[in-house]
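Trainee: output the structure for:
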Amino acid sequence: MTDQSTRLVVLGALVLVTVVLGALWRARQGRVRVAPARRDLAVDWAARGIGLGDRATFVQLSAEVCAPCRATARVLRGLAERESGVVHHELDVEEHLDLVRELGVLKTPTVLVLDAAGAQAARSSGGMSPAQARQALDATVPAG
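Mentor: Got it, this is the predicted structure:
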């Protein structure tokens, strides 16, 4: 094998690995992880200015320079406006570093779906599409 053909094989392998990693990363964006409501995280939402919805509350942790955060906020705001008893609150991670640490937020946007009592029922990291936001709501809170 010549030096040039070896380089082409290595380049082709790098391109393939990059494509696979990119596809895996993209598949995880906005994926909703539903779990039993976490009551062990006793966050005083009212003290943080978060009023809970009668059905559900989307709490979005965002950064100021995050384009997916702005898109996700539009999606969640729209869903909250259309759904009775559902509210959306967006918090800047820089202003709530204690909460970021307590919740283990590693990426923005991170969206928590809270039940009516304020317990975390689902969580998503990365930008959310309207379908993913609807899935998060439907999976955690019965329609009403």
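Trainee: low-confidence stretches in this structure?
Mentor: 1, 23, 25-41, 141-144 (pLDDT under 70).
Trainee: run the last query once more with 90
Mentor: Residue ranges of the chain with pLDDT under 90: 1-49, 102-104, 115-123, 125, 135-136, 138-144.
Trainee: now the strands for it?
Mentor: Secondary structure of the chain (DSSP state E): strands at 32-38, 56-62, 86-92, 110-114, 120-125.
Trainee: just send the ones you listed back as TSV, with distance to Gly22 and mean neighbour count too.
Mentor: (C-beta placed from N, C-alpha, C; glycine too.) TSV is the format used below for the strands of the chain (distance: least, C-beta to C-beta, whole Å; neighbours: other C-beta atoms under 10 Å):
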stretch	distance to Gly22	mean neighbour count
strand 32-38	21	14
strand 56-62	24	23
strand 86-92	28	19
strand 110-114	21	25
strand 120-125	17	22
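Trainee: do you know which of those strands lies nearest Ile50?
Mentor: strand 86-92 (5.0 Å; C-beta to C-beta).
Trainee: coming back round to it: tell me which of the strands of the chain approaches Ala131 most closely.
Mentor: Closest among the strands of the chain, using C-beta to C-beta: strand 32-38, at 10.3 Å.
Trainee: kindly list the longest helix within this protein.
Mentor: Taking DSSP state H as the criterion, the chain has its longest helix at helix 3-28.
Trainee: so that one versus strand 120-125, what angle?
Mentor: Orientation of helix 3-28 against strand 120-125 (axes from the mean of the first three to the mean of the last three C-alpha atoms, to 10 degrees) gives an angle of 150 degrees.
Trainee: can you list the strands of the chain in a markdown table and add distance to Thr140?
Mentor: Formatted as a markdown table, those follow (distance: least, C-beta to C-beta, whole Å):
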| stretch | distance to Thr140 |
| --- | --- |
| strand 32-38 | 6 |
| strand 56-62 | 7 |
| strand 86-92 | 11 |
| strand 110-114 | 5 |
| strand 120-125 | 4 |
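Trainee: mind giving me the domain ranges of the chain?
Mentor: Recorded structural domains for the chain (assignment: automatic domain parsing) are 1-30, 31-140.
Trainee: how far away from the center of its chain is the shortest one?
Mentor: Just to be clear, that refers to domain 1-30. Computed by C-alpha atoms, centre = their mean, to the nearest Å, the chain-centroid distance of domain 1-30 equals 28 Å.
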